[in-house]
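# Okay, sequence plus prediction incoming.
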Amino acid sequence: MVTDLVQEVLKISKARHIPGYFPGMPQAVFAVSIDCDWSKLQQSSLAYSHAYFAELLPSYLEQYAKLSALQDIPLRQIFAVCLAMLHQAGYPTIDTVRQELRLNPTIPSIKGSARLTKTFVMPALSMGQIAHQFALEWAAKNFNQWQSGQLSQDRHADAYPQIKANLSAVIKRMEVHAPLGQNSLRFIQAAQQLNIPYVRVTANVFQFGWGRNARWLDSSFTDATPNISARLARNKVATSRFLRNMGIPVCQQLIVKSAEEAAEEAKKMGFPVVIKPSDQDGGRGVFVGLKNVEGVRQAFEEAKKLSSTILLEKQFIGQDYRIQVYQGQAYWAVHRIPGGVVGDGEHSIEELLVILNAHPLRGEPGSNALLKRIDINQEASDLLTEQELTLKSIPHLGQFVRLRQAANVASGGSIVPVLEFAHPDNIQLAERAARVMRLDLAGIDLLIPDIRHSWLESGAAICEVNAQPQMSPHLPLEILNKILVCRGRIPVVVVFGSITDSDWRSKVVEQYKQVFSDRNLKLGMIDASSCYLDAVPITAKGTDMYTSALALLSDPQTSALVIHFTDSQFLNSGIPVDQIESLILLPENNFSDPELRGRWLFRAQFLLDMCIQTVHTASELSGLLPELKFPPSVISKNMMTNFAELICSELKRQSEHHLNAAKT
């Protein structure tokens, strides 16, 4: 008998955000405790819920395959759902879900029963942890409905539309705190690939790296992008006028205030023309190849929905290229090809479009897919008519059938790299445009018949300068390599245990200044009661260690950092850095107490699990070391007698290591 009472096999009992890092976690941590009642588990329903989740979420099966370490299928299913929902909502997903015994071991509710609580941790982007909770709660609820019979093969079809709508609503709530746009997401993914630490500053601003080597990015705006230049680039009229005054070729354009004025001016200017908003990016509201007054009127009305200032522009007949420039040097150039299909002599245009849209790299317009699908809209129909073709026409081998006017990836276009073929004059033209605009990072849109030939001979026009250019997937990795010194890292030493010398801070600062006397470097130092940059306190009394550490790691004057832990506070807040290169282990005052000894070992192991290079241990710890597990990459050394000298030697070693790594 099917019951409508939901029997909870899985229940989210506790969820919390840990702002710092845990071992193996490249982001902040989302910790969740799940009550599991295996006595209620219906094994026969697992296959149905699995298929159901796969039907609802395109990346579910991929995420499920990555979570093979989770032995319990119900838990594996709901965490795969969580990751798939995060992916769909635009979060950088990392397929790391781990049971964390250090927070809460597996505890049976009744000895010998099938009821137990398990605690898991997974990476969570700061400010976006609530999205993890939304996703897991939705997943557990739907899983339980399959287990209790509320959802079944018979009921599934009728309930599907409502379930799909509910899922979309939850994902929309999750999107609120996701990175805005593809650029930010790709920079985060590039940072993960390059082992660059990153934290969210606020909204869509992210910090990559620590202290003096850190940089801020908002999409492809950098902390060095001049505000004046960015505002000028956003104003297409002002940009065109300025570039023209600099002797740089631009398209003839003017502001039009009505559809009729646009139509009249277009006739004077001569067709084809372009209608576009003055203050929009990413190809929004741009209509190119307009060849009659009716098309101009319609384009004006559509563009007016996005902006109060509309431009009419004489279209330069040429190919569309984007040249990316950083610090005055072009590093990437592509030919932008408008959306369309290429004939094979066998298939109709309609069939070719189906094949094109089925490509795994193509997704719906507005999605995070690399390329976008093309539908047959009025623009496509008009272009087919203009080319004397229909959807049933079979274009000959190699024939390009244009289905979009604008050569924009967002509308279904594609790109072909051309930097190695570009004439030096054309590259220099783009570099000069970025230079006179005083932009550190820019995307220059160049119209020219053939980029292999000099613009001085063929003519050309720069139609747009983008201060916040859209990045191809591989470019953020290249940009981070260019803008960050030493992968953004600074030397960090972590000390754990009791320090007997009350004057150790001043000795370390003095020693540090001697070691780095030739450079104006400042040392950050933090413990449970103080936070200093050199000898200057920088946080108020009572500020917790994690917040104080983050203040130092965010300060562009911090050249190196020493963190001293004596208690278990870091188990609640996480470690403020993503990895420990140098760890110094010191004894507690009383190891004769088994409880104190156990606590020390527990905390020391946590820190060891985050250490990647060197551990220095006091001689008094020799009897405890066999009880600790040292990571394979870690070199264990006996501690030097001069504590301040040891810390500074480690800071120097790390500094040299970072510089050598950066050169490599």
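Arrived safely, thanks for sending.
# quick one: contacts for the closest residue to residue 507 other than its chain neighbours?
Counting by CB to CB, 6 or more residues apart in numbering, residue 644 is the residue found nearest to residue 507 once chain neighbours are left out, at 4.0 Å. Using the backbone N, CA and C atoms, a C-beta is placed for each residue, glycine as well. Counting by CB atoms under 8 Å, 6 or more residues apart in numbering, residue 644 makes contact with 504, 507, 508, 510, 511.
# Return the distance of residue 644 relative to residue 558.
Between residue 644 and residue 558 the computed distance is 19 Å (CB to CB, to the nearest Å).
# How about residue 35?
Counting by CB to CB, the gap from residue 35 to residue 558 is 43 Å.
# One more: residue 291?
Counting by CB to CB, the separation of residue 291 from residue 558 is 60 Å.
# how many other residues sit next to residue 249?
18 (other CB atoms under 10 Å).
# got it, and residue 228?
By the measure other CB under 10 Å, the count of residues near residue 228 is 10.
# Could you list the low-confidence segments of the stretch 1-150 of the chain?
Within the stretch 1-150 of the chain, the segments meeting pLDDT under 70 span 1-6, 104-114.
# hmm, try it at 90
1-8, 24-26, 93-96, 100-115, 126-129, 148-150 (pLDDT under 90).
# Equivalent analysis for the stretch 151-300 of the chain, please.
Counting by pLDDT under 90, the stretch 151-300 of the chain has low-confidence residues at 151-161, 181-182, 236, 278-286, 288-289.
# Strands of that one, start to end?
Using DSSP state E, counting those that start in this stretch, the strands found in the stretch 151-300 of the chain span residues 198-202, 205-208, 215-218, 221-222, 253-256, 273-277, 287-290.
# Next up, the contacts around residue 157.
Residue 157 makes no contacts at all, as judged by CB under 8 Å, 6+ apart.
# And it, how far from residue 144?
Taking CB to CB as the measure, residue 157 falls 20 Å from residue 144.
# which residue is nearest the centroid of the chain?
residue 185 (2.5 Å; CA atoms, centre = their mean).
# which parts of the top helix by length along the chain are buried?
Secondary structure of the chain per DSSP state H: the longest helix is helix 153-175. Neighbour counts over helix 153-175 (16 or more other CB atoms under 10 Å) mark 163, 167, 170, 171, 174, 175 as buried.
# What segments of the stretch 201-350 of the chain are helices?
Secondary structure of the stretch 201-350 of the chain (DSSP state H, counting those that start in this stretch): helices located at 227-234, 236-245, 259-269, 293-304, 349-357.
# so which of those helices comes closest to residue 629?
helix 227-234 (50.5 Å; CB to CB).
# Just list what that closest one packs against, helices and strands only.
Packed against helix 227-234, as judged by 3 or more CB pairs under 8 Å, 6 or more residues apart in numbering; DSSP states H and E, are the following elements: helix 236-245.
# How is the chain divided into domains?
10-176, 184-225, 252-314, 319-481, 490-663 (automatic domain parsing).
# Report the distance from the third one to the chain centre.
Taking the mean C-alpha point of domain 252-314 and that of its whole chain, the gap between them comes to 35 Å (CA atoms, centre = their mean, to the nearest Å).
# end-to-end on that domain?
End-to-end distance of domain 252-314: 5 Å, with CA to CA, to the nearest Å as the criterion.
# now the first one
End-to-end span of domain 10-176 (CA to CA): 27 Å.
# same question, the last one
Across domain 490-663, the straight-line distance between its terminal residues is 15 Å, by CA to CA.
# centre of the chain versus that domain, how much separation?
Distance of domain 490-663 from its chain centroid, counting by CA atoms, centre = their mean, is 29 Å.
# returning to what we had before: if you compare the strands of the stretch 151-300 of the chain, which one is most tucked away?
Most buried of these by mean neighbour count (mean count of other CB atoms under 10 Å) is strand 273-277; its value is a mean of 25.
# Adjacent strands (with direction) for that one?
Using DSSP bridges, strand 273-277 pairs in its sheet with strand 287-290 (antiparallel), strand 310-314 (antiparallel).
# Quick check: nearest residue in space to residue 350, chain neighbours excluded?
Excluding the flanking residues, the one nearest residue 350 by CB to CB, 6+ apart is residue 391, at 4.1 Å.
# any idea how far that neighbour lies from residue 295?
Counting by CB to CB - residue 391 and residue 295 are separated by 21 Å.
# returning to that earlier point: can you pick out the residue with more neighbours from residue 291 and residue 558?
In this view residue 291 and residue 558 are compared by other CB under 10 Å, and residue 558 has more residues nearby, 24 against 15.
# ok, for that one, nearest residue in space, not its chain neighbours?
The spatially closest residue to residue 558, leaving aside those adjacent along the chain, is residue 211, at 3.5 Å (CB to CB, 6+ apart).
# so that neighbour makes contact with residue 549?
No. Assessed by CB atoms under 8 Å, residue 211 is found out of contact with residue 549, at 10.9 Å.
# Quickly list what's touching both of the two.
Overlap between the contact sets of residue 211 and residue 549, as judged by CB under 8 Å, 6+ apart, is given by residue 561.
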